[in-house]
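Enquirer: Any chance you can model this:
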Amino acid sequence: MQNIFVQIKCELGKVFDVAEALVDNLEEAEEVYSISGAFDLLIKFHLNDDEDIGRYVNERVQTIPGIKDTFTTMAFKAFK
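Expert: Numbering: from 1, shown residues only. This next block holds a predicted model:
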């Protein structure tokens with residue numbers, strides 16, 4: 001399995017709608033946090049090893065209504 005973290009910037013007034021859509025529609029979304037700073041949400045995704053990360057983010061995440069921008073970070077090793 002592979003973990004990725006995606007930061008999401010939402011359209012104004014859409015943070016809760018986007019968070020709800022992530023939780024309800026993407027079983028790979030393990031944790032969804034509202035955050036401060038340049039982005040509104042931080043999501044930890046747990047994907048199968050054969051999943052294409054770029055396609056997953058492009059086709060499954062970025063197509064959710066209310067998402068304005070994303071920033072993806074791939075994790076290599078979890079220490080705890």
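Enquirer: so where do the strands sit in this protein?
Expert: Assigned by DSSP state E, the strands in the chain fall at 2-10, 29-34, 41-47, 67-74.
Enquirer: same for the longest one, what does it pack against?
Expert: Same thing as strand 2-10. strand 41-47, strand 67-74 (3 or more Cβ pairs under 8 Å, 6 or more residues apart in numbering; DSSP states H and E). In short, each C-beta sits where N, CA and C put it, glycine included.
Enquirer: now the angle from the longest one to strand 2-10?
Expert: Right, strand 67-74. In terms of direction (axes from the mean of the first three to the mean of the last three Cα atoms, to 10 degrees), strand 67-74 departs from strand 2-10 by 160 degrees.
Enquirer: For the nearest residue to K14 once chain neighbours are set aside, report the pLDDT, please.
Expert: Leaving aside its sequence neighbours, K14 sits nearest to G66 (Cβ to Cβ, 6 or more residues apart in numbering; 3.3 Å). Predicted confidence (pLDDT) for G66: 98.
Enquirer: I'd like the helices and strands packed on strand 2-10 as CSV, with mean neighbour count appended.
Expert: Listed next are the helices and strands packed on strand 2-10 as CSV, based on neighbours: other Cβ atoms under 10 Å:
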stretch, mean neighbour count
strand 41-47, 19
strand 67-74, 14
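Enquirer: So which of the ones you listed is nearest R55?
Expert: R55 lies closest to strand 41-47 among these, at 10.6 Å (Cβ to Cβ).
Enquirer: Not counting its own residues, what contacts that closest one?
Expert: 1-8, 10, 15, 18-19, 22, 26, 28-35, 53, 56, 61 (Cβ atoms under 8 Å, 6 or more residues apart in numbering).
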